[in-house]
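Trainee: output the structure for:
(2 chains)
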Amino acid sequence: MTEDVIKKVDSIRFNMLSPQAVKKISVAKIVTPELYDREGYPVDGGLMDIRMGVIDPGLRCKTCGAKLKECPGHFGYMELARPVLHIKYLDEILQFLKTTCNSCGRVLVEEEKVKRHLRNVSMAERERRYRVKRRMISAFINSVKIIKKCPHCNAKQKKILLEKPSTILEDGKRVTPIQIKARLEKISDEDVAALGINPKYARPEWMILDILAVPPVTIRPSITLESGERSEDDLTHKLSDIVRINQRLFENINAGAPEIIIEDLWDLLQYHITTFFDNDIAQVPVARHRSGQPLKTLSERIKSKEGRFRHNLAGKRVNFSARTVISGDPRIAFNEVGVPKVIAMELTIPEKVTEWNIEWLKELITQGSKVYPGANYVLRPDGKKKRITEETRDQLLEELQPGYVVERHLIDKDICIFNRQPTLHRMSIMCHKVRILPGRSFRLNPAVCTPYNADFDGDEMNLHIPQTEEARAEAEILMSVQKQIISPKNGLNIVGSVEDAISGLYLLTKRLTLNKEEAIQLLISAGIYDERMSDFKEKVSGKDIFSILLREDFNFVGTAKDGSNVIIKKGQLKEGFIDQALVGEEKGQIIREIYSKYGDEVGLDFLGKIFRLGIETLLKTGFTTGISDSDVSPKIQEKNEELITQAKKEVEIIIVQYKSGKLEPLPGNTIDETLELKISEILNKVRNDISKQVGNNLNEENHSIIMAICGAKGNLLNVAMMSACVGQQAIGGRRIKGNYSGRALSMFKKGDLGPEAHGFITKGYKQGMSPNEYFFSAMTGRDALMDTALRTPKSGYLYRRLANALQDLRVEYDSTVRDAEKSIIQFKYGEDGVDVSKSDGGKINVKKIIRQIKGK
Amino acid sequence: MTDIFEKYKDKLPGAILEEIKLESKSNELTQAEIIRALDESVKEYEAALIAPGEAIGIITAESFGEAGTQMTLNVFHFAGVAEIQVTRGLPRLIELFDARKEPSTPSMEVYLKPEFTANEKTIRRVASFIKEMKLQEISSEISLNIMKQSVDIDFNEEKIKLYGFKKEEIIEKVTKDLKNVTVKETKKGITITSNSEEVNLSMLYKIKENAKSVLIRGISKITQVLPKKEDSKYVILCAGSNLKEVLNMKEVESKLTTTNNIFEISSSLGIEAARQAIINEALSVIENQGLDINIRHVMFLADIMTQTGVVRGITRGGISGEKESVLARASFETPINHLIDASLTGELDNLKSVIENVIINQPIPLGTGLPGLMSKMKKEDKKGAKK
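Mentor: Modelled structure (predicted):
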């Protein structure tokens, strides 16, 4: 039986430790700064006292008797010779002094007012209006602070000032912690409550320390260096400073030393205790190691990204995980992941022995841990874990019986969870099925790179193996690739055909006609078998081959990328061809249609099939692209140059107009802006004209053009940039200005407004750029890099804040959306309760429903 | 006809019903077909309903977080004029969710009542009354006259004529604004003297500096105006925002006029309007960046920000700082302060939200961690369960 999941911790209370409480939880009084005796054994009453827990193997804790790692550690305490202020409660101490009488210790208003204030506060508390409560209390404090005369005893109140970091002055005279403590003790519980502090959990005099709690040894373990020397934790260092000064203070007081010496030592004690709590306080010198490196004391342990909260408490480590480089394999299914054998032999799945699988498990044990497929461990019912080795194997085989658990190697079809950082959305961590493959990298289908935002230029990914049936069931039902294909961001498919698969499908459905044998060969090689294949005639069109993948009751009307109609009737592609708009990522109309009609299993199967069919088609027809794809005929080249000269002339005319002051400003613009706008317009137009011209005049058989047209990769503009004209380079949406006395680069004339002087590149990548053109190109490239580098941390922080603020919000059983305090955010999610990832782009497609009804 | 739809009122949201009504008319569906369409829609709607326990907050956060990595930085959108620019992209989204009191580029769209949009002249006139105009702008020279202990201001005659100012009008404004001064007309402009008995140079200098920024016409904070035709309607685009004052103008169509300052909307039009403004602003950023985020996520975020009746940002001072749980607050930012404050009031953390349960290794109350089973144990069962 697995352990039942029971909620063990119900709530956690936070409060201050009173001196009495410190003594009560303590097991040792610390009196000596020595840590170890001559034998290296912890000294009794020292900071490493073994009553406070053990950090050495072999020793036993004197308090609980447990060994290393079992003993949780126990507090000790230290009696301070003179009380000191707790630096973290300084604000509160100051507040108490300012709001209470210096002689009678009462809050500086009439009792009635205090009572009324308390009533209001407790009402706000009951109604859970915490913000109101906080405001009430701070208003009360501010009103009391300014009162100069005690209404109870008529004593005149003096001005309390804080001299940073931790000296409190009253009318310029210093108030010692002893005096402060005496005053705070006089404040009644009721008055404490009126100032917003719960006297049950925090009395003001506790903020002055005369007993210091010494944290257990287990939270400040020392490490033994290679040389055998011991290196103590920062906290221990700080604590021994405190003990030492404390002792000296004691001695000096007992010896009747002059007040000035005692006060100096007292201040020193205050300093050490302050830095023990927080070593990063303004105007307090930072305590350092001998090497000059600042000590990491209590606050530093908790704070920031590397602190206790964010590093250890909110971030967990796991076992049964693997990480390696990923590479692509278009022949495995979308929901599979190729796992190297070496990893499969290290990660295991606990398999419970029953009478039905005992034979199989025995076989695995016989193989052992060094042969695949084998097993690594056997768990006896009594909880003992045995590693399978040459020696133990025979004995384990003999005793194996139902009730035992065998930790076997991964095999095909096992459930695993696959993840790539940064895990920005839920599709970054999905459930795959294991496929054992040779090699040393994880393999995944290139089409699922999009949800992970992965590529194969050295990316690494993580693999996790769920260990219980419950975890596996949840992973498979909720996290499988097929369940995640529709994104909850916008209701579009995030997985679809990519690159070559789209080119292949486009060619197949647009123009290919095969004879029967070839057609069947193509389908079989893509792993598709269908009885309808036998109905093929002698000549089979690509459309018919594609139609084999569709079910006979599938009807569809859509538009391709170029706006032409695509019609599927009764599972037959009647009109149009397949391209990115129909099967691609985010756009795949057919994919979403199949998903909503047949469900995710069929949808995934369809995706896999079209992917393989597309690739096989390309394998059959051959498909390549090279530098010659961007060749243009000399005639077109000439025409392009003509276009550019033409544009330059136009720009020249406008510049002349501008210089002669004849340029009419556009509404709302200055003349300078108008000039820039007009020039940019002309230059953008000429680039578009060139790209159109290039597109029209390149061969339809040109593979670069095919890829651009069907949306597999790139667009016509990219082709034009290669073969004809790169175009205007812009930074911040404007032509490059530069600040070298009115010019962008030194080779231009001052005040030159022409296209070339401001980053217009007239040549294509293939012809090559001139040095100044190349410089402009590098400028925009650098600008883009900067933008990315600056954006990533900003958007990361936005995401962290959003996730932190919204993580508790959920849909309740009554369909309302509520936060952790159960207050309602929305009565129905999104006003209609529709889950974006379950709907068609966040909507119920009424038109489609009506079309279906009309269609039949 | 209508009673068929009436029957489905509880089963389908109004928007879908309306759409079916419209579509069935244009497609000339028969009665039976309409019922079938309705039934199909109900089926599809029910299948698309969100599941209880869904961690919808995280999904919303992810939708924005993932999209944020694709947005550009520092894109300024020029609404035709360099002075009127609007922050777009990630910086705008951040300042929107932070609920900053003042956007980095405040701007307004002022619509006019139909009677004032007849021709461009009237519109330009109204626009000139919106734009803030300081005394400095219509002056050609502002100088200290030490001999007379006064500040002399010469007007730019051209501008005075262009904008149709009267000297009396200006004198009145200046007297009112500067307080304790006497303003007299001179040949070229005006002269200002102090009313106080002791007049020294530094005082005079102060008067001169203050006189420069006396508002003589328009609405303060609105630094630039641009009348623009926007599909047959005239809009005045403004740089700078002051919704309250603009709405007080009689020429302004208050139903259409907006600003990009959420707090101004919240204080003059109410929290519901602020919610809609957040949605509109966020959507316009998303659209402008060519991204696609479902409106539900935007609405959801706006709902959270305005839930308590005031606009709260998604910061440690806003939503994240007002959570009930100590551990949840401490694990976000400034943990020490939260722990200290918790100790003072003896706060109790009931471990009801996600992060606390992560911290203490317990199942979180979301999704499959949400449902619990309750069952009465028989006495002998209890014993049995113990072993």
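
Trainee: ok, now how distant is B:Leu29 from B:Lys43?
Mentor: 17 Å (CB to CB, to the nearest Å). C-beta: built from backbone N, CA, C; applies to glycine.

Trainee: settle it for me: which of the two has more neighbours?
Mentor: More crowded of B:Leu29 and B:Lys43, by other CB atoms under 10 Å in any protein chain shown: B:Leu29, with 18 against 11.

Trainee: need the pLDDT of the more buried one.
Mentor: According to the prediction, B:Leu29 has pLDDT 76.

Trainee: quick one, domains of chain B?
Mentor: Following automatic domain parsing, one gets these domains for chain B: B:2-48, B:141-217, B:323-362.

Trainee: now the shortest one: average pLDDT?
Mentor: I take that to be domain B:323-362. Averaged across domain B:323-362, pLDDT comes to 88.

Trainee: pull out the buried positions in it.
Mentor: Buried residues in domain B:323-362, counted by 16 or more other CB atoms under 10 Å in any protein chain shown: B:323-333, B:335-336, B:338-349, B:351-359, B:362.

Trainee: with distance to A:Ala526 added, can I get the domains of chain B in JSON lines?
Mentor: Below are those laid out as JSON lines (distance: least, CB to CB, whole Å):
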{"stretch": "domain B:2-48", "distance to A:Ala526": "32"}
{"stretch": "domain B:141-217", "distance to A:Ala526": "76"}
{"stretch": "domain B:323-362", "distance to A:Ala526": "45"}
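
Trainee: just say which of these is most tucked in.
Mentor: With neighbours taken as mean count of other CB atoms under 10 Å in any protein chain shown, the domains of chain B reach their highest mean count in domain B:323-362, at a mean of 20.

Trainee: tell me how far that domain lies from the chain's centre.
Mentor: Taking CA atoms, centre = their mean, to the nearest Å, one finds domain B:323-362 lying 31 Å from the centre of the chain it belongs to.

Trainee: how about stretch A:489-504?
Mentor: On CA atoms, centre = their mean, the centre of stretch A:489-504 falls 25 Å from that of its chain.

Trainee: for the chain, which spans come out with low pLDDT?
Mentor: Here I'm looking at chain A. Across chain A, the ranges flagged by pLDDT under 70 are A:1-7, A:667-669, A:855-856.

Trainee: oops, chain B please
Mentor: Along chain B, segments meeting pLDDT under 70 span B:1-2, B:74-84, B:230-232, B:377-387.

Trainee: where does A:Ile524 land in three-state SS?
Mentor: Here A:Ile524 is helix, with the state taken from DSSP: H, G, I helix; E, B strand; the rest coil.

Trainee: so does the helix or strand hosting B:Asp303 get close to chain A?
Mentor: Element membership for B:Asp303, per DSSP states H and E: helix B:295-306. Yes: using CB under 8 Å from any CB of the partner chain, we find that helix B:295-306 touches chain A at B:Ile295, B:Arg296, B:His297, B:Met299, B:Phe300, B:Leu301, B:Asp303, B:Ile304.

Trainee: thinking again about what came up before, narrow the buried residues of domain B:323-362 to those in strands?
Mentor: With strands taken from DSSP state E, the overlap with the buried residues of domain B:323-362 comprises B:Leu348, B:Asp349.

Trainee: which residue ranges form the strands in chain B?
Mentor: B:75-78, B:85-88, B:107-111, B:133-134, B:139-145, B:150-155, B:181-185, B:189-194, B:215-217, B:224-230, B:233-239, B:258-259, B:348-349.

Trainee: turn those into JSON lines, including distance to chain A.
Mentor: Formatted as JSON lines, the strands of chain B follow (distance: least, CB to the nearest CB, whole Å):
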{"stretch": "strand B:75-78", "distance to chain A": "7"}
{"stretch": "strand B:85-88", "distance to chain A": "11"}
{"stretch": "strand B:107-111", "distance to chain A": "14"}
{"stretch": "strand B:133-134", "distance to chain A": "18"}
{"stretch": "strand B:139-145", "distance to chain A": "22"}
{"stretch": "strand B:150-155", "distance to chain A": "25"}
{"stretch": "strand B:181-185", "distance to chain A": "35"}
{"stretch": "strand B:189-194", "distance to chain A": "28"}
{"stretch": "strand B:215-217", "distance to chain A": "20"}
{"stretch": "strand B:224-230", "distance to chain A": "5"}
{"stretch": "strand B:233-239", "distance to chain A": "9"}
{"stretch": "strand B:258-259", "distance to chain A": "19"}
{"stretch": "strand B:348-349", "distance to chain A": "4"}
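
Trainee: want to throw those into TSV with distance to B:Arg36?
Mentor: Below are the strands of chain B laid out as TSV (distance: least, CB to CB, whole Å):
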stretch	distance to B:Arg36
strand B:75-78	48
strand B:85-88	46
strand B:107-111	45
strand B:133-134	66
strand B:139-145	77
strand B:150-155	78
strand B:181-185	81
strand B:189-194	81
strand B:215-217	66
strand B:224-230	43
strand B:233-239	43
strand B:258-259	43
strand B:348-349	54
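
Trainee: any idea what sits nearest B:Leu339, other than its immediate chain neighbours?
Mentor: B:Ala330 (5.8 Å; CB to CB, 6 or more residues apart in numbering or on different chains).

Trainee: I'd say that neighbour and B:Ser343 touch.
Mentor: No: in this structure, B:Ala330 is not within contact of B:Ser343 by CB atoms under 8 Å, at 11.5 Å.

Trainee: what element comes up after the longest helix seen in chain A heading to the C-terminus?
Mentor: Scanning chain A for the helix with the most residues, using DSSP state H, yields helix A:771-806. Downstream of helix A:771-806, the next assigned helix or strand under DSSP H and E is strand A:810-811.

Trainee: for that following strand, packing partners?
Mentor: If you count contacts as 3 or more CB pairs under 8 Å, 6 or more residues apart in numbering or on different chains; DSSP states H and E, strand A:810-811 packs onto strand A:817-818, helix B:56-68.

Trainee: at 7 Å what do you get?
Mentor: helix B:56-68 (3 or more CB pairs under 7 Å, 6 or more residues apart in numbering or on different chains; DSSP states H and E).

Trainee: off-centre distance for the helix it packs on?
Mentor: Here helix B:56-68 is found 21 Å from its chain centre; the criterion is CA atoms, centre = their mean.

Trainee: give me the contact list for that helix.
Mentor: For helix B:56-68, the external contacting residues (CB atoms under 7 Å, 6 or more residues apart in numbering or on different chains) are A:424-426, A:488-489, A:795, A:798-799, A:802-803, A:806-811, A:817, A:829, B:90, B:93, B:291, B:293, B:297, B:300-301.

Trainee: same check on stretch A:15-35?
Mentor: Contacts for stretch A:15-35 (CB under 7 Å, 6+ apart): A:42-43, A:45-49, A:51-52, A:63, A:74-78, A:201-203, A:206, A:210-211, A:213-214, A:240, A:243-244, A:247, B:343, B:346.

Trainee: so what's residue 194 closest to, chain neighbours aside?
Mentor: By default, I'm working from chain A. A:Val114 (5.0 Å).

Trainee: actually chain B
Mentor: Excluding its sequence neighbours, the residue lying closest to B:Ser194 (CB to CB, 6+ apart) is B:Val181, at 5.6 Å.

Trainee: residues contacting the one you found?
Mentor: When the contact criterion is CB under 7 Å, 6+ apart, the partners of B:Val181 are B:Thr175, B:Ile192, B:Thr193, B:Ser194, B:Asn195, B:Ile207.

Trainee: and if you look at B:Lys233?
Mentor: Shown in contact with B:Lys233 (CB under 7 Å, 6+ apart): B:Tyr111.

Trainee: recalculate using a threshold of 8 Å.
Mentor: B:Lys233 makes contact with B:Tyr111, B:Thr117 under the criterion CB atoms under 8 Å, 6 or more residues apart in numbering or on different chains.

Trainee: with B:Ile123 instead?
Mentor: Contacts of B:Ile123 by CB under 8 Å, 6+ apart are B:Leu112, B:Phe116, B:Thr117, B:Pro227, B:Tyr234, B:Ile236.

Trainee: quick one, helices of the stretch 551-700 of chain A?
Mentor: A:580-583, A:589-598, A:600-621, A:634-659, A:671-697 (DSSP state H, counting those that start in this stretch).
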